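[1] Just a sequence and a predicted model for now, questions to come.
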Amino acid sequence: MGKSRRKQKVIPPPQLPPDVPDEDIEFSDEDLKYVEENTEYARFVSRLDTAAINKQCGGRVKTVEDKYEEERSKKKTLQEEKGNGEILVDPVDVLPVKTLDGKLHYRTESKKSKLAEADTDEAEKDVLDDENLLNKSQRREKAKKSKREAKKHDKDFPNEILQEEETPQAAVLAEVKEELSAAETFENKKNKLAELGMLLLSDPEANIKSLKEMLDICKDENTKIVKLGLLSLLAVFKDIIPGYRIRLPTEKELEMKISKEVKKTRFYESTLLKAYKKLIIFETKSVYNQIANRCLCTLLEAVPHFNYRDNLLIAVVRNISSPDEVVRRLCCSTIRSLFSNEGKHGGELTVQAVRLIADHVKAHNCQLHPNAIEVFMSIRFDEDIGKRDKEDEHNKKYKKNNKRKAQEEQNQVQENERKKSKQEMMSKIRDEVSADYRGVTYEPDAKERRKMQTETLSAVFETYFRILRNTMYTIGERTEENPTSNPGAFGSHPLLAPCLDGLAKFTQQLDLDYIGDLMNYLKKLASSSSVSNNTKQKNSKLLTVSERLRCCLVAFKVMRSNLNALNVDLQDFFVQLYNLILEYRPGRDSGVVLAESLKIMLCDDRHQDMQKAAAFVKRLATFALCFGCAESMSALVTLKTLLQKNVKCRNLLENDAGGGSVSGSIAKYQPYATDPNLSGALATVLWELSLLSKHYHPAISTMATTVSNMNTSQSQTFLSAVTPQQAFADFSLVKESFELKNESRKLNKRKRESLPEEAKNVPEIDMVKLSKKLKENFTILRDIKEDKRVRMELQSEKKKPMKKQINVVKKKLKNPKSKKKI
Amino acid sequence: MRPLDETETTVVFEKLFKFVGNNLKKIVENPSDEGPESTPGSYCFRLQKNRVYYVSEALVKRATNISRKNLVSFGTCIGKYTHAGSFHLTIMSLNILAANAKHKVWLKPTSEMSFLYGNHVLKGGLGRITDSIVPGDGVVVFSMSDVPLGFGIAAKSTQDCRKLDPNGIVVLHQADIGEYLRDEDDL
């Protein structure tokens, strides 16, 4: 009991004795004696610190505030000591340093550049990561760091701010701003951008307001900052944008009472949308073409389902024909990806894009870069667009019939009623399920999809036909128009080539009625020749040979894909081809197109008119004589195929001038005839082959001899596997791979079964030897030259004395001679 | 025998034009190497007993030496005038027409016989057809091996031919080489 009481009681310090001045104290003798005896033990008394003891027994319990005051006073003294420039850093954060002298050195920071230092500290830490703004994980780390630092600074700042409140803050800030150099502001802004970006990415819903700040940064003056801002906004949006379209709440919904969460989401969505809109507006009007364009394209590609995609699309399509190649290429690739990834946007954007491009073509009167139309090639159509309609109609009819039948049956047989009702129930349920499914899926309905595809198709064909018509008009005007009319920036018919290619691809979707019109157009285009009466006039508006070849090619492709059990013989186009072969010139016209047209029109054709085939054979042989390896080879390959297909034409190989009885109705060959049917080629002989068998290129000579050795028997059904296109590609000058004198060398293509494959000789050593020899030769020459030069110099220096010497020598010579003579 | 007068010439040329189009010029100006002269003469048309003949000038000169009732035929007979006064091209003009035809039709082997018996050409028998045929054009009929079989008038354009059902008539028969056997006496 006693102990506990004692514990409970706070033992007060002992009472001090009454304060008696020292003088009044009387000492007894005994005391004096005692002290003198024990002086050593009593010395401590003199050393007693009475003040300290007084303090201890003062009865005051020391509190935190006292400590605080102590520190404050300490700091104040320190400040006064070191002047106004330094601030003591709280020893809680930074421990004091003890120097060797034993002095404690508290860490101080200069007040002025405190802000800057704090920032530069951050900057130093962040600069290392700053390289790639768009790296997610790094950015997340940065965000964490920045958060930690923010918290730290929050701790520091109250201490320091308290002290700073004494000095006017505004003045300090102004000083700070002035003194920070431009580089530091740049770094600051960059870091700010990175920070904001990280905040947004880590928790978009909470930090959606930082979007606004980022947008503000974009309105800065420094171009680099703006660019960086745009790019970082792009990255942020790419990640933040949800997978659904945001629909702003209507007025009714705004009035309703909503939970906090819904409010939150609504706020988030509306800010997101606003910021997005601002960004798009800014980009569309931006001066920074390439960057803004890149942002627009990437956004369109990444989030084609989101709001404002129409605006994006309009902006991108506008740039599809810009003269700047980078911009244009990016736009084209974006639109192409749109066409191929239809799942992302449900097909609607395809229609819109195609529509916009069509309007574009119309507005510019077909003077655009070919890339603009080439994007159409990436569009994919369902194969059964037209068929399904018919099927639907059929089904409807059958359904009606079935219904009638069903009704009749019902009336007649009542036993099946239950079954019927069951079936109806089942069908009802199925319908409901399918309706629900349709509502949930993001894919458009089959009907809708078909509708969109038909729209796209019609727009595409509209563009193509407009281009064709435009070409027709420009050609038709040539006779009336004055020669000063200039072609557009892209050439006179830039869109014609991709238009024709697209037509060849999409002909299956074209209705039969239009094919007739198309054929007429193509015929007219193909027959527009570049020969005019006024040779002075620059016929830049007329079609070149390659374009005309393309027209013939497309016509054939169209016809082939629309066979429908009727084999139509395109006579006019054959006539055109016949003449175009003559007009071809290797540098100016494209050999690839020629090879392709040869293949499609002649080699692939199932049945040939004898007279026509013979005419082509003769003309191709003549053609092979005139041009280089590639063209000759492709011509020879076609020739071979034709001869193999048409047995009667092999009479051309017989040395039977006049053709004899097999010559057909025309007795004499007309080499300049424009119509292959009237050329009378069956009456001629292929003497060109004997010339070609002496060609410098071994492949061609062997081919020519093989062809001439073809006999007229029916048994030869072996068709070569090489197409004229391949032949052309193989033997073009790029792939020149043989030496003149060396007959033995390796050939490139393995498919060349007919040609011999011999071991590779070693041309490389020859080259080495050759270079050595040349080197020697040239060094010798150079030495000789140098020798001469040096001699000349020497001579010019020593000319005069040399002359004298020479004269002396001459005299000497003369004298003995004279002596001798005498 | 006499040369054709204006009206007759126009009529004949019109009929020929339906089949050969612009190649008419070739027919008219065809150089012929018959006859002893080195310079080639040309072909001309002559009328004899309501029949029109296409004959080279050299031959004509010699034919004048034969009296009218003894002259049976010379050169190539391309057609004859009916009692009513209209001109028809006969099968014997096939050679000239086939060589210069603008519009051709190729028959499948199965339907050759049908045409040679005098029937019209159905779509099912069509192997190949030239493009851009207009109804009313003259068409020369060939077999798949490019042997001319006859000629006729087109009933449908090439486009319409596509949509036709297989029993539709494409070419109306006018003359075929089977007539050499069937109508031996008339020619």
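    Ah, there it is. Numbers count the residues shown, from 1 in each chain, chains lettered A, B, ... in the order given.

[2] Please, where are all the helices along chain B?
    B:6-20, B:24-28, B:57-63, B:94-100, B:109-116, B:158-163, B:179-182 (DSSP state H).

[3] Quickly compare the ones you listed and say which is most buried.
    Among the helices of chain B, ranked by average contacts under mean count of other Cβ atoms under 10 Å in any protein chain shown, first place goes to helix B:94-100 (a mean of 22). Just so you know, the C-beta spots here come from the backbone N, C-alpha and C atoms, and that holds for glycine as well.

[4] Which neighbouring elements make contact with the helix or strand of chain B with the lowest mean pLDDT?
    Counting by mean pLDDT, DSSP states H and E, chain B has its least confident helix or strand at strand B:31-32, which shows a mean of 74. Applying 3 or more Cβ pairs under 8 Å, 6 or more residues apart in numbering or on different chains; DSSP states H and E, one finds that strand B:31-32 contacts strand B:41-48.

[5] quick one: contacts for residue A:309?
    With contacts taken as Cβ atoms under 8 Å, 6 or more residues apart in numbering or on different chains, residue A:309 has the following neighbours: A:300, A:303, A:345, A:349.

[6] Just give the nearest non-adjacent residue to the third one, would you?
    Right, the one you point to is residue A:345. Of all residues not flanking residue A:345 in the chain, residue A:304 sits nearest, at 3.8 Å (Cβ to Cβ, 6 or more residues apart in numbering or on different chains).

[7] returning to that earlier point: and which of the contacts of residue A:309 is nearest residue A:264?
    residue A:303 (22.2 Å; Cβ to Cβ).

[8] so which of the helices of chain B gets nearest residue A:730?
    If you check each of the helices of chain B against residue A:730 by Cβ to Cβ, helix B:158-163 wins as the nearest, at 38.7 Å.

[9] Do the closest one and chain A come into contact?
    Yes - contact of helix B:158-163 with chain A (Cβ under 8 Å from any Cβ of the partner chain) involves B:158-159, B:161-163.

[10] Distance check, the residue nearest to residue B:78 when sequence neighbours are not counted against residue B:140.
    Closest residue to residue B:78 apart from its sequence neighbours, by Cβ to Cβ, 6+ apart: residue B:93 at 3.7 Å. Counting by Cβ to Cβ, to the nearest Å, the gap from residue B:93 to residue B:140 is 10 Å.

[11] Please convert the residues of helix B:158-163 next to chain A to CSV, extending it with distance to residue B:111.
    Shown next, in CSV, are the residues of helix B:158-163 next to chain A (distance: Cβ to Cβ, whole Å):
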residue, distance to residue B:111
B:158, 18
B:159, 21
B:161, 15
B:162, 18
B:163, 20
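
[12] can those go into TSV with extra columns for pLDDT?
    Formatted as TSV, the residues of helix B:158-163 next to chain A follow (pLDDT from 0 to 100):
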residue	pLDDT
B:158	82
B:159	79
B:161	83
B:162	79
B:163	80
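
[13] about what we covered before: mean pLDDT lowest for which of the helices of chain B?
    Note on the helices of chain B: helix B:158-163 shows the lowest mean pLDDT, a mean of 81.

[14] which residues make contact with it from outside it?
    For helix B:158-163, contacts defined as Cβ under 8 Å, 6+ apart pick out A:512-513, A:515-516, A:564, A:566, A:568, B:123, B:126, B:129-133, B:135, B:168, B:170.

[15] try 7 Å
    Contact with helix B:158-163 is made by A:512, A:516, A:564, A:566, A:568, B:123, B:129, B:131-133, B:170, as judged by Cβ atoms under 7 Å, 6 or more residues apart in numbering or on different chains.

[16] What of stretch A:676-694?
    For stretch A:676-694, the external contacting residues (Cβ under 7 Å, 6+ apart) are A:574-575, A:578, A:609-612, A:614-618, A:621-622, A:624-625, A:651-653, A:655-659, A:662-664, A:666-670, A:673, A:700-701, A:704-705, A:707-708, B:26.

[17] Can you tell me the closest non-neighbouring residue to residue A:526?
    residue A:551 is the one closest to residue A:526 (Cβ to Cβ, 6+ apart), at 4.1 Å.

[18] Quick check: that neighbour vs residue A:41, distance?
    Per Cβ to Cβ, residue A:551 is found 131 Å from residue A:41.

[19] Which one of the two is surrounded by more residues?
    In this view residue A:551 and residue A:41 are compared by other Cβ atoms under 10 Å in any protein chain shown, and residue A:551 has more residues nearby, 28 against 9.

[20] Find me the pLDDT at that one, would you?
    83.

[21] which ones are touching residue A:550?
    A:497, A:500, A:593.

[22] ok, now with 6 Å
    A:500, A:593 (Cβ atoms under 6 Å, 6 or more residues apart in numbering or on different chains).

[23] cool, and the one 4 residues further on?
    The contact partners of residue A:554, taken as Cβ under 6 Å, 6+ apart, are A:500, A:503-504.

[24] export the residues you listed to a markdown table and tack on pLDDT?
    Shown next, in a markdown table, are these (pLDDT from 0 to 100):
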| residue | pLDDT |
| --- | --- |
| A:500 | 84 |
| A:503 | 83 |
| A:504 | 80 |
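
[25] ok and the residue in chain B nearest chain A?
    For chain B, the residue closest to chain A is residue B:99, as judged by Cβ to the nearest Cβ, at 3.7 Å.

[26] quick one: that residue from residue A:509, how far?
    41 Å.

[27] how close does residue A:520 sit to residue A:549?
    With Cβ to Cβ as the criterion, residue A:520 and residue A:549 are 18 Å apart.

[28] same check, this time on residue A:694
    For residue A:694 relative to residue A:549 (Cβ to Cβ), the value is 30 Å.

[29] Now residue A:219: closest residue in space that isn't a chain neighbour?
    residue A:226 (7.6 Å).

[30] How many residues are close by the one you found?
    20.

[31] Now the one helix or strand residue A:593 maps to: buried residues?
    Using DSSP states H and E, residue A:593 sits within helix A:591-598. Neighbour counts using 16 or more other Cβ atoms under 10 Å in any protein chain shown place A:591-598 of helix A:591-598 among the buried residues.

[32] any idea which helix or strand comes after it?
    helix A:610-626.

[33] tell me what the helix or strand just after that following helix is packed against?
    Downstream of helix A:610-626, the first helix or strand assigned by DSSP H and E is helix A:629-645. In terms of contacts (3 or more Cβ pairs under 6 Å, 6 or more residues apart in numbering or on different chains; DSSP states H and E), helix A:629-645 is packed against helix A:591-598, helix A:610-626, helix A:698-708, helix A:724-731.
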